[in-house]
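Peer 1: sequence unavailable; structure follows:
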Ligand code: AR6
């Protein structure tokens, strides 16, 4: 299953995939980081559609169109704020990946790109986030055949290296 998972360094807003995932906040009304970049690239219609969604719980996901993005869809998920690891952060982050992939399957999405959810403003430790991301995607793909490609997009080369390491480790044990 790891052959369907790719780690790349880049800007998620430029990818030609069926869906990109947004690391949003509970309001779904935009913010900084990847959320700001996605809203800027998609245009104001994205915010208008997000307003209709009336927010999103942490660990859950909601879908909109992609508007001016190359991607047809945006799946908005809300990662946990890192508060030391005893507040269910691991499970909430895992849930972001599962919820997003479940929505993707329901919409016939075959190719999907994720940013490194929660690892920016929300301060989730990168190695730990990378392991959760790779493990959850791999587990999902092993029980579901309809998604052909999952791209884990890292903005910086150092994050990319750590996601690649996590992917390698999962590949060795699966
Ligand atoms: N493409 C790919 N990855 C990116 C891009 C991009 N264009 N821009 C940033 N990243 P963050 P969070 C990386 O802070 O930690 C927002 O204000 C970034 O380097 O965007 O989940 C929301 O509204 C980092 O590795 O999201 C929320 O309030 C990763 O994306 C809050 O931030 C996630 O960083 C969510 O915080």
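Peer 2: Nice, thanks for sending it over. Source: prediction; values computed, not measured.
Peer 1: all helices for this protein, in order.
Peer 2: 33-42, 44-53, 89-106, 126-143, 157-173 (DSSP state H).
Peer 1: which among those is found nearest to the ligand?
Peer 2: Nearest to the ligand among the helices of the chain is helix 33-42 (2.1 Å), distances taken as CB to the nearest ligand atom. The C-beta positions use only the backbone N, C-alpha and C, and glycine is treated the same way.
Peer 1: quick one on the thing from earlier: and the helices of the chain, which one is worst for confidence?
Peer 2: Mean pLDDT is lowest for helix 157-173 out of those, coming in at a mean of 92.
Peer 1: gap between it and the chain center?
Peer 2: Distance of helix 157-173 from the chain centroid (CA atoms, centre = their mean, to the nearest Å) equals 16 Å.
Peer 1: other residues contacting that helix?
Peer 2: Helix 157-173 is touched from outside by 2, 5, 7-9, 116, 119, 126-127, 130-131, 133-135, 138, 152, 154, with contacts defined as CB atoms under 8 Å, 6 or more residues apart in numbering.
Peer 1: tell me the residues on the protein that lie near the ligand, please.
Peer 2: Residues of the chain lying near the ligand by CB under 6 Å from any ligand atom: 11-13, 23-25, 31-35, 37, 79, 115-122, 153, 155-156, 159.
Peer 1: of these, just the buried ones, ChimeraX syntax please.
Peer 2: Of the residues of the chain next to the ligand, the buried ones go into a single ChimeraX selection, burial set by 16 or more other CB atoms under 10 Å:
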select :12,13,23,24,25,31,33,34,35,37,79,115,116,117,118,119,120,122,153,155,159
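Peer 1: tally up the residues packed near residue 52, please.
Peer 2: 9 (other CB atoms under 10 Å).
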